[in-house]
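Colleague: sequence and computational prediction follow.
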Amino acid sequence: MAQPITKIVHPARTEKELQEQSLEAILTDLAKSGDGIREMIKLFNELHESGILGSVNGLVEAKEKVAGIAVEQLLRPQITNAINNMMAAAGALSDTNPDMTKKLMGALGNGLEKAEKGLEANEKVGVFDLMKALKDPDINRAIGFGLNLLKGVGEGLNK
Amino acid sequence: MENTLTVQINGVTQQVKKGTKVLEHLLQQGVEHPHICYTETLGPIQTCDTCMCEIDGKVMRACSTEIEEGMNILTSSPTAKEAQNEAMDRILENHLLYCTVCDNNNGNCKVHNTAELLEVEHQERPFREKGYEVDMSHPFYRYDPNQCILCGKCVEVCQDLQVNETLTIDWERNMPRVIWDNDKSINESSCVSCGQCATVCPCNALMEKSMLGEAGFMTGIKQDLLNPMVDLIKEVEPGYGSIFAISEVEAAMRDTRTKKTKTVCTFCGVGCSFEVWTKGRKILKIEPTEDAPVNSISTCIKGKFGWDFVNSDQRLTHPLIRKGDEFVTATWEEALSVIGEKMGSIKQQYGGNAFGFVSSSKTTNEEAYLMQKLARQIFETNNVDNCSRYCQSPATDGLLSTVGYGGDSGTIKDIQSAGLVIIIGANPTEGHPVLATRVKRAKKMRGQKLIVSDLRKHEMADRSDLYLHPKQGSDLVWLAAVTKYIIDQGWHDEAFIRNRVNQYDEYLAMLEKYTLDFAEEVTGLSKEQLMEAAQMIHEADGTCVLWGMGVTQNIAGSHTSAAIANLLLATGNFGRPGAGAYPLRGHNNVQGSCDMGTLPQWLPGNQRLTDAAARAVFEEAYGVSISPEAGLTNIEMLQEVEKGRLKAMYLMGEDMAWVDSNSNHVHEMLGKLDFFVVQDVFFTKTAQFADVVLPASPSLEKDGTFTNTERRIQRLYQALEPLEESKPDWWIIQQVAKVMGADWNYSHPSEIMEEIASLAPIFAGVSYARLEGWNSLIWPVQKDGSDEPLLYTERFNFPDNRARFSLVDYVQPVDYEKEFDLTLNNGRLLEHFHEGNMTNKSKGIQYKLPEVFVEVSPELARERGVQDGSTVRLISPYGFIKLRSIVTDRVQGNELYVPMHSVSHENAINILTGSVGDVRTQTPAYKQTKVRMEVINVKGRAPLPMYNPRYAERNPQAGVQVERKWARADYEPIADVNIPVGGQR
């Protein structure tokens, strides 16, 4: 003859029992991944001894503030300009033909080597030497390249 | 071929079916073509302009342009591209792309994906706010006008799919926006919280509040940090390509954390399926998809937002054992050993028939099947029933006796395509909301006719072409009279009857007395109304009859159900599309739990216990002999308890103490049991009487299948781990069998379904593989997997393949003493489910509908001095309840209405209902209750908050009305051709 009852007694599980229960679950997980855990402990020790862990912790604890400051800083016109510049530069670079860039970089290296030798020789250059140099096909090619480059930049600035 | 057209698409000659639109064709071919406002369900609404093509040199919309012979279609010519980019630019003026910190960045954001597809790098028109506040007023979703691209998809679903007619776009104001009613807050509007606007929104303008700050990795950031971050993005103005790249990485990260699981809704019998998105145990949102076979993108408030109960702190999390006057939590081992010991000794002493097993219409097919297996195999008794005894048994009975299958004749598609729908004693906009939307849509979009017969003037009655208000319990009479009138007029289908139906002459003789005069006298309906109904049936191209508890919960609900089948048989409305009989099953698995044989006279697969061959199959499989004698129904079980012959009960997932009629009596009987086991998700009233309470897992925590009202079998997948020590019901029943000595050894519900398929011929071809994902099967399913969405096209389910006219007669309603002068109607409201154990855990739902009340008609209110908020006492011969009143013309005269969603001794409806039941199935006649009313306090707070949608007025219009956008002075057409097609597919 059951009367309706609403009283539910939870066996007073002590704080300690609950703790033991969750500890047990964690231990099982730990046992399953022993190698990884040992590696992690090593890594954490290194990070701790070097003080990196401490600073990261500080950063994380103050994450909202730090993020706020960072964004605040980023919003300064100089920075937004810089970001825009970087992105524009990155964009320009990605538009350039990589083969040409390679060739140009090689040529620059070569030129620098020659220039260094010239410096070492410590030769004086006169007007006549310049005229003569213009006839040198290598120098002529470089000057032609420079003139065309200047023309291109000029056009670009006019857009 | 006449139906094929030859066209050039991007220079390639293609054959296209006549009547296909350009975008439709492209999508069918798997071509990625930009579009935002178009969906398969809604068709072209022409607001976003991003799908422009160059067609024969003209810029035209792909979504609305029907392909014509010889067309030259260019999808990405410079002209087409320019038009698409122009459209996207206009959209981005209205929408800021802060994708990475947006909760809608889940890989399926239509605006994001289209901008990316168009390779948008910069915008000409800068983004600007519209100058409106974000509307956070509603408990479940919010609208941010500043992110709204004005595509109007939300308006389109609200007006033409859900047909609640709340949302419009005010195109004429300086800065157009979506408005609710006449520009009210969402919360105060006529919005019924179906959530479909948030589902279809192609961006983050309309969002489920449960997603906000939760869906993304960085979206939980507080506003004062978020704003400068958004500003930063604006300042830096990177090409959008890089923004999209970052946001895609973030979306990919979310994908690893957000779990998306297909499930099937449990809040009614319609069988909506959708994905549930979870993050750990948190439910982020319900995400419907066009792949869902029944509901597509549609949901109601409960399916979209009503899942809080799953994480309620009131969940049962451990088994409980009664000790003295308290329950003590126990381990599964302890609880099962008590069950084994007690049930074992009762079995030994009194035999298996001293037990009663009650299954649930909420658990899966597999669980219902195991419940009857537990009863029949382990306890060798047929005393097994399920809670559809309280609702749907009479409908099933009426169909079994006439057409042979106890289920809907066809699918929701047939209801949608019928010429005429008749709804009798059902309130589908509240009880079966998504099914109701299809009727409302068919009516609004193509003039489907609607007849409603009901005591209460609910929304469908309001929308009907003919509303009948017969006297309580008299539907059979008008149905018979209308059938007789149709036959007398020669409007019946004589050939159909002669070829396919038995007992015609006997039926004609039986109909003799159902003249229009007789019907007028008994039902109170006028002859004109009856003749009009007959005329409408005669003129309709296909009639579907939908009915519910207003029919079944009467003293002769089974007779009325048979009368419905008779009417449909006489007019040839079986076995053809767009016609038939549709009892609206109220719970997710009413159909399935009956199909699974949790019935005292039926074996799994709807096989009669008296069928020796069928019995032999189960006897062999179970290794026991099965009696051909029917067992006890729920009702009879309690009667046997009273007589002292039934000693123990095992009940799964049903709050019988509040759901059965005449609660006081039920409580007394449950208290008399020697041993009582209850397994449920919550500590219900019923559980309070138990000796052992077992914690069960709800649908989101398990795998299985449900069978909806259409007979459609669908899979649900486990979205969450069972909470603490709760377990799926199939696991629990298996353990009980085990302590009783049987090792069934199922490791997954799919193995149970294999067993069902091997034993029940109508499930022969059902398997989990065939039901994978969004696939579904509608029984009977042949071994080769072919199913039968539309029944009776060739045969009725009798040995001679013919249907029978039922010859059962009208039975007068239950008699009450004169002092009980008011008819007490009762049933559901949209917001809550059943007695409310699940939905009353939702804060948002409780906020919108906090308590039950009694609806009083204006005339009765005047007579008795009742106002909104008056406290009244309702007294029946069985008990009394106290609640507050609402004066409304939804009810008339001396009829009252009380919703059933209460688990309180103060106002639970079944304290008032009596013990008389249907003459054939014993389903309690809940609807035949009469009371007297005492006014306790005239003045009081109205029980329904002013922000409940029932107070607001709808604002019907046809769709989003893009022509009003085009008529604006500042609208410059992008297309060369602008003809509104209004969402018509």
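Modeller: Noted; the coordinates are in hand.
Colleague: which stretches of the stretch 151-300 of chain B form strands?
Modeller: Across the stretch 151-300 of chain B, reading from the start of the chain, the strands by DSSP state E, counting those that start in this stretch fall at B:167-169, B:178-180, B:206-208, B:259-264, B:273-279, B:282-287.
Colleague: distance to B:V384, mean pLDDT and mean neighbour count added to those, as CSV?
Modeller: Where C-beta positions appear, they are placed from N, C-alpha and C, glycine not excepted. CSV is the format used below for the strands of the stretch 151-300 of chain B (distance: least, Cβ to Cβ, whole Å; pLDDT from 0 to 100; neighbours: other Cβ atoms under 10 Å in any protein chain shown):
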stretch, distance to B:V384, mean pLDDT, mean neighbour count
strand B:167-169, 48, 98, 25
strand B:178-180, 49, 98, 24
strand B:206-208, 41, 98, 24
strand B:259-264, 24, 98, 19
strand B:273-279, 28, 97, 22
strand B:282-287, 34, 97, 21
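Colleague: closest to B:V938 out of those?
Modeller: Of all the strands of the stretch 151-300 of chain B, the one in closest proximity to B:V938, counting by Cβ to Cβ, is strand B:178-180 (34.1 Å).
Colleague: tell me the predicted confidence for the residue nearest to B:M946 when sequence neighbours are not counted.
Modeller: In this structure, B:M946 finds its nearest non-sequential neighbour in B:E188, 7.3 Å apart by Cβ to Cβ, 6 or more residues apart in numbering or on different chains. B:E188 is assigned a pLDDT of 98 by the prediction.
Colleague: looking at the stretch 51-200 of chain B, which residue is nearest chain A?
Modeller: The stretch 51-200 of chain B approaches chain A most closely through B:E121 (10.1 Å), counting by Cβ to the nearest Cβ.
Colleague: tally of neighbours for that residue?
Modeller: Close neighbours of B:E121, defined as other Cβ atoms under 10 Å in any protein chain shown, add up to 13.
Colleague: which residues touch B:I283?
Modeller: For B:I283, the contacting residues are B:210, B:276-277, B:307-308, B:310-311, B:700, by Cβ atoms under 8 Å, 6 or more residues apart in numbering or on different chains.
Colleague: one more time with 6 Å, if that's ok
Modeller: In this structure, B:I283 makes contact with B:W307, judged by Cβ atoms under 6 Å, 6 or more residues apart in numbering or on different chains.
Colleague: mind listing residues that contact stretch B:294-302?
Modeller: Identification of contacts with stretch B:294-302 by Cβ under 6 Å, 6+ apart yields B:41, B:193-196, B:199, B:267, B:271-272, B:288, B:290, B:412, B:433-434, B:437, B:831, B:833.
Colleague: hmm, which of these are the buried ones?
Modeller: With neighbours counted using 16 or more other Cβ atoms under 10 Å in any protein chain shown, the contacts of stretch B:294-302 contain these buried positions: B:41, B:193-196, B:199, B:267, B:271-272, B:288, B:412, B:433-434, B:437, B:831, B:833.
Colleague: and A:E72, how far from B:D231?
Modeller: Computed as Cβ to Cβ, to the nearest Å, the A:E72 to B:D231 distance reads 11 Å.
Colleague: for the residue lying closest to B:R645 once chain neighbours are set aside, give me the pLDDT.
Modeller: The shortest distance from B:R645 to any residue other than its chain neighbours is 7.0 Å, reached at B:A354 (Cβ to Cβ, 6+ apart). Per-residue pLDDT puts B:A354 at 98.
Colleague: ok, B:A354 - how many residues close by?
Modeller: Residue neighbour count, defined by other Cβ under 10 Å, stands at 22 for B:A354.
Colleague: one more: B:V931?
Modeller: Tallying neighbours of B:V931 according to other Cβ under 10 Å, which is how burial is gauged here, yields 26.
Colleague: ok but it is inside a strand, no?
Modeller: Yes: B:V931 sits within a strand when classified using DSSP: H, G, I helix; E, B strand; the rest coil.
Colleague: find the closest residue to chain A in the stretch 401-550 of chain B.
Modeller: Nearest residue of the stretch 401-550 of chain B to chain A, counting by Cβ to the nearest Cβ: B:M549, 27.1 Å away.
Colleague: got the phi/psi numbers for the nearest residue to that residue once chain neighbours are set aside?
Modeller: Counting by Cβ to Cβ, 6+ apart, B:C391 is the residue found nearest to B:M549 once chain neighbours are left out, at 5.7 Å. B:C391 adopts backbone torsions of phi -140, psi -60, taken as degrees, to the nearest 10.
Colleague: touching, B:C391 and B:L584? I think so.
Modeller: No: using Cβ atoms under 6 Å, B:C391 and B:L584 do not qualify as a contacting pair, with a distance of 9.8 Å.
Colleague: helix or strand for whatever residue of chain A ends up closest to chain B, which one?
Modeller: Closest approach between chain A and chain B, counting by Cβ to the nearest Cβ: A:P4, at 3.7 Å. Element membership for A:P4, per DSSP states H and E: none, as it lies in no helix or strand.
Colleague: what comes up buried for stretch B:492-501?
Modeller: B:492-493, B:496-497, B:500-501.
Colleague: now it: how far from the chain's centre is it?
Modeller: Stretch B:492-501 has its average C-alpha position 35 Å from the chain's average C-alpha position, going by Cα atoms, centre = their mean, to the nearest Å.
Colleague: hmm, who's touching that stretch?
Modeller: Surrounding stretch B:492-501, the residues in contact under the criterion Cβ under 6 Å, 6+ apart are B:486, B:504, B:569-572, B:802-803.
Colleague: ok, now with 10 Å
Modeller: Under the criterion Cβ atoms under 10 Å, 6 or more residues apart in numbering or on different chains, residues B:402-403, B:483-484, B:486-487, B:504, B:507, B:537-538, B:566-567, B:569-576, B:792, B:794-796, B:801-805 lie in contact with stretch B:492-501.
Colleague: gap between the most centrally placed residue in chain A and B:E250?
Modeller: Note on chain A: the residue nearest the mean C-alpha position is A:M86, at 12.5 Å, using Cα atoms, centre = their mean. A:M86 is 21 Å from B:E250, where distance means Cβ to Cβ.
Colleague: same question, B:V276
Modeller: Using Cβ to Cβ, one obtains 22 Å as the distance from B:V276 to B:E250.
Colleague: what parts of the stretch 551-700 of chain B come near chain A?
Modeller: B:657, B:667, B:670-676, B:683, B:685-691, B:693 (Cβ under 10 Å from any Cβ of the partner chain).
Colleague: what's the answer for the stretch 401-550 of chain B, then?
Modeller: Taking Cβ under 10 Å from any Cβ as the criterion, chain A has no neighbours within the stretch 401-550 of chain B.
Colleague: need the strands for the stretch 601-750 of chain B, in chain order.
Modeller: Remark: strands assigned in the stretch 601-750 of chain B by DSSP E, counting those that start in this stretch are B:602-603, B:607-608, B:648-652, B:675-680, B:692-695, B:704-707, B:712-716.
Colleague: now, of those, which is deepest in the fold?
Modeller: Per-residue neighbour counts averaged over each of the strands of the stretch 601-750 of chain B give the maximum for strand B:704-707, namely a mean of 29 (mean count of other Cβ atoms under 10 Å in any protein chain shown).
Colleague: output the contacting helices and strands for the strand or helix carrying B:E367.
Modeller: Under the assignment given by DSSP H and E, the secondary-structure element containing B:E367 is helix B:365-373. Helices and strands in packing contact with helix B:365-373 are listed as strand B:355-359, strand B:384-386, helix B:590-595, helix B:612-622, strand B:648-652, strand B:704-707, helix B:729-739, helix B:749-759; criterion 3 or more Cβ pairs under 10 Å, 6 or more residues apart in numbering or on different chains; DSSP states H and E.
Colleague: how about 8 Å then?
Modeller: Applying 3 or more Cβ pairs under 8 Å, 6 or more residues apart in numbering or on different chains; DSSP states H and E, one finds that helix B:365-373 contacts strand B:355-359, strand B:384-386, helix B:590-595, strand B:704-707, helix B:729-739, helix B:749-759.
Colleague: my guess is B:E32 meets B:L118, correct?
Modeller: No: using Cβ atoms under 8 Å as the test, B:E32 is too far from B:L118 to be in contact (10.6 Å).
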